[in-house]
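Peer 1: Sequence and predicted model, in that order:
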Amino acid sequence: MAVILRALALLSVSGASIALFAQELADSWLTPYITANTLSLANRQRLIIGMAIGVAVGVVAGLLALWNSVRRLNRIAHLLAPAILVGFIPPLCIPAAWPNALNLCVVIGGFLLLGERLFRMAFAAAAERPESSTFASSRDRWAALVPERIRHWLPPLIVLAAVIGYGVYMSVFTLRMHGRFQTYGFDLGQYDNVFWNTMHGHPLRCTPLGMDENWHSMRSHADLAVLFFAPIYAIKPGGAILLLIQSWVIALGAIPLYRFAARRLPRSYATVIALAYLFFPPTHGLQFYDIHFQPIGAFFVLLVIDFIDERRYWACGLAFVVALACREDIAVGLAMLGAFLVLSGYRMKAGMAMAVAASAYFVVVRFIIMPSFGPWGFSEIYKDLYPAGARNFGGIIATMLSNPIFTLGTLLVPDKLRYALQILLPVVFLPIRRSYLVVAIVPGAISTLLTTAYPPTVDIGFQYSAHFLPYIFPAAVLCIAALGREGQGMVRRRAALAALVMGTTLCTIHWGAIPPRDKVHGGFSTMSMRAPTEAERQKHRDLVALHAMIPPTASVAISEAEMPHVSRDVIRTLRDTTDADYLLYDTNSGFGGATRANAELASGAFEVVATRPGLTLLKRKRPTGAATATPPTPPPGPVRDDARAP
């Protein structure tokens, strides 16, 4: 009797949920109802009556199944158990209904855990039916319609098509962002200057930050991979090609992930996981905030994982070197990966070499080489972890080791909980379901969750979430593989994969950029995905024309949104300084440049050279009686505009 009652209860709840779902789709009342509780009492009663009818239908269907046998009733109830979720789906898919992201994360988390449990019930019930000879022959007959070669190549071809699709998609929309002047000196303009100077014989010089000597940008970060990508940049120098590089490198990360997964799981599973990687919302957010080396480094870490798993050690070594060169903090994750391999007993020698090399690299670069160029520019993001008299990275480590309770307290804040959930929900918490896989979130946690009083590090619109990317997806693969291949293990695998698809879909609806939408969050901005207007294209052409009036050997300070559109040896951030021969700015840029420029113009220190609609070029006046020779400037070099019409 208990079995019958449980089965009827499942069917009744499923019926009520389906009835609610049907009513939610029938009209446009849902959004105001969810956001403002606007539905009248009469309409609420209609909802309840509809759900009651759904309950009755479910019970009647169960009784009809019971007429055959209790086992049939129980099996049908379990097969239909996931239908309990459908009534919750429309409200969860309305972004406007969830202004509080933490609340949404908690609800999605509960929904996914419940969903996975219901999927297990359904898959277990489906596995109970023995395959009759008729059923088996029918399945084989349908499978025979697809040639073996197609079945073999279809999964990797799907992944390859998805990689190309992602690369094209993100290239188009990030170039649109650039064309709308929604890229900035921080950070696309700075990286463009570093690449430009490196290409012209001044490696890792970043004049927007006042780092006018060769290699001095290493004071902030050891982005030595600039040397690796400089030949690609040289094809068409400018900010646009850097956005293209980032889009395609991120897209290519799906390939080593697929290869790694396909060695442990059915290729259909590996395909789904690779697609989930491409739909991962934190990756979309960082794509709409200029360019950074963390996501580029993530691709090379995935290559390291793939190659070391396949024992291709020479290729692994090359990928390892490039990954280290992307940024100094990439070494932290690689050292932990090597330690994980050693402690797990898998590829121990390679893991030991990796752990030692990455640790040594980090110590030498972070504590010896980088400080030799000046103080670290990002030390304050960990300020609450500094002990008295030790405001450096060593002091942070000392606090973590000696005062773990205080360190834990800095983690237990709402913004960090929301951020951690945004990272883990798309992969349904798989990386932390096995104790030995928890290490997968540590590299990202060090760079994000451990920071204090610095909102960008716990915002998926910034580049920092890329520290999680190359580790949580392989960890998800290992977790699913550990569930087993037979019996209940296979059921749990299928349920976990179904929940992963559901989690990725829901999170992408709220925080992703696929498909195109009215608003997408990236960096400090929430922007549209529209194409640039003709006025914005004309502004770019006018900016290029004004920039061409500046002598190649002169320095220029430029407003924030305009900097990524021009390239030259010596360029300054007008937001921070007017120490330049020329000022080029958008007259509406305010504190992004116009405020300082207008003050200099009013003081008489500069004169107007030329104007275009919304743009002004100023030249510094020579003091009365000064010689006509031009003031000393850095060594001359070629100047070239990013002439792409946005």
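Peer 2: Yes, it's here.
Peer 1: Would you indicate which residues of stretch 42-55 are buried?
Peer 2: 47, 50-51, 54-55 (16 or more other C-beta atoms under 10 Å). Where C-beta positions appear, they are placed from N, C-alpha and C, glycine not excepted.
Peer 1: which residues of the stretch 451-600 of the chain fall in strands?
Peer 2: With strands called from DSSP state E, counting those that start in this stretch, the stretch 451-600 of the chain shows them at 520-522, 525-527, 556-558, 566-567, 571-573, 582-586.
Peer 1: which residues of this structure score low on pLDDT?
Peer 2: 27, 129-144, 376-380, 390-393, 623-646 (pLDDT under 70).
Peer 1: Mind splitting it into its structural domains?
Peer 2: Domain segmentation of the chain under automatic domain parsing yields 2-97, 534-641.
Peer 1: Quick one, which of those domains gets closest to Met348.
Peer 2: Evaluated over the domains of the chain, closeness to Met348 peaks at domain 2-97, with 42.5 Å, by C-beta to C-beta.
Peer 1: okay, how far is it across the closest one, tip to tip?
Peer 2: The first and final residues of domain 2-97 sit 39 Å from each other (C-alpha to C-alpha, to the nearest Å).
Peer 1: for stretch 247-258, same thing?
Peer 2: End to end - C-alpha to C-alpha - stretch 247-258 spans 18 Å.
Peer 1: Same question for stretch 65-85.
Peer 2: Taking C-alpha to C-alpha, stretch 65-85 runs 22 Å from one end to the other.
Peer 1: Just the buried positions in that stretch, please.
Peer 2: Buried positions in stretch 65-85, judged by neighbour count with 16+ other C-beta under 10 Å: 65-66, 73-85.
Peer 1: before we move on, the earlier item: can you tell me which of the buried residues of stretch 42-55 end up in strands?
Peer 2: Within those, no residue falls in strands by DSSP state E.
Peer 1: need those residues in a markdown table with distance to Ala355, can you?
Peer 2: Output for those, formatted as a markdown table (distance: C-beta to C-beta, whole Å):
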| residue | distance to Ala355 |
| --- | --- |
| Leu47 | 59 |
| Gly50 | 60 |
| Met51 | 57 |
| Gly54 | 57 |
| Val55 | 59 |
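Peer 1: Among these, which lie within helices?
Peer 2: If you go by DSSP state H, the buried residues of stretch 42-55 have 47, 50-51, 54-55 in helices.
Peer 1: Tell me which stretches of the stretch 251-400 of the chain form helices.
Peer 2: 254-262, 267-278, 281-287, 293-309, 313-326, 330-344, 348-364, 393-402 (DSSP state H, counting those that start in this stretch).
Peer 1: do you know which of those lies nearest Val172?
Peer 2: Nearest to Val172, of all the helices of the stretch 251-400 of the chain, is helix 281-287, at 11.5 Å by C-beta to C-beta.
Peer 1: Quick one: list the elements packing against that closest one.
Peer 2: helix 148-179, helix 239-252, helix 293-309, helix 414-424, helix 487-511, strand 520-522 (3 or more C-beta pairs under 8 Å, 6 or more residues apart in numbering; DSSP states H and E).
Peer 1: I'd like to know which of these lies nearest to Asp329.
Peer 2: Among these, helix 293-309 sits nearest to Asp329 (C-beta to C-beta), with 7.9 Å.
Peer 1: can you pull the buried residues of the closest one?
Peer 2: Of the residues in helix 293-309, 293-309 count as buried by neighbour count, 16+ other C-beta under 10 Å.
Peer 1: again with stretch 274-292
Peer 2: Neighbour-count burial for stretch 274-292, counted by 16+ other C-beta under 10 Å, picks out 274-292.
Peer 1: distance between the ends of it?
Peer 2: For stretch 274-292, the separation between the terminal residues is 22 Å (C-alpha to C-alpha).
Peer 1: Stretch 358-375 too?
Peer 2: 23 Å.
Peer 1: can you check stretch 421-433 too?
Peer 2: Using C-alpha to C-alpha, one end of stretch 421-433 lies 14 Å from the other.
Peer 1: list the contacts for the closest residue in space to Gln287 that isn't next to it in sequence?
Peer 2: Nearest residue to Gln287, sequence neighbours excluded (C-beta to C-beta, 6 or more residues apart in numbering): Met170, at 5.4 Å. Met170 makes contact with 247, 250-251, 284, 287, 513, according to C-beta atoms under 8 Å, 6 or more residues apart in numbering.
Peer 1: of all those residues, which two lie farthest apart?
Peer 2: Across the contacts of Met170, no pair lies farther apart than Ala251 and Ala513, at 13.4 Å, counting by C-beta to C-beta.
Peer 1: quick one on the thing from earlier: of all the domains of the chain, which lies closest to Gly444?
Peer 2: Ranking the domains of the chain by proximity to Gly444 (C-beta to C-beta) places domain 2-97 first, at 25.0 Å.
Peer 1: now the closest one, how far from the chain's geometric center?
Peer 2: Relative to the chain's own centre, domain 2-97 is displaced by 35 Å; criterion: C-alpha atoms, centre = their mean, to the nearest Å.
Peer 1: Looking at the strands of the stretch 451-600 of the chain, which one is packed in the most?
Peer 2: A comparison of the strands of the stretch 451-600 of the chain by mean neighbour count, using mean count of other C-beta atoms under 10 Å, puts strand 556-558 on top with a mean of 29.
Peer 1: Partner strands of it, with direction?
Peer 2: Note on strand 556-558: by DSSP bridges, its sheet partners are strand 571-573 (parallel), strand 582-586 (parallel).
Peer 1: Other residues contacting the first one?
Peer 2: The reference is to strand 571-573. So strand 571-573 is contacted by 185-186, 189, 193, 207-209, 555-558, 560, 563, 578-580 (C-beta under 8 Å, 6+ apart).
Peer 1: Once you drop chain neighbours, what's closest to Asp459?
Peer 2: Tyr419 (7.0 Å).
Peer 1: what's the burial count for the one you found?
Peer 2: 25 (other C-beta atoms under 10 Å).
Peer 1: One more: Gly317?
Peer 2: Gly317: 17 neighbours (other C-beta under 10 Å).
Peer 1: if we can go back for a sec, would you turn the strands paired with strand 556-558 into TSV with distance to Val501?
Peer 2: Formatted as TSV, the strands paired with strand 556-558 follow (distance: least, C-beta to C-beta, whole Å):
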stretch	distance to Val501
strand 571-573	44
strand 582-586	44
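Peer 1: Determine the set of other helices and strands touching the helix or strand that contains Arg44.
Peer 2: According to DSSP states H and E, Arg44 maps onto helix 41-68. Packing contacts for helix 41-68, counted by 3+ C-beta pairs under 8 Å, 6+ apart, involve helix 2-26, helix 70-79.
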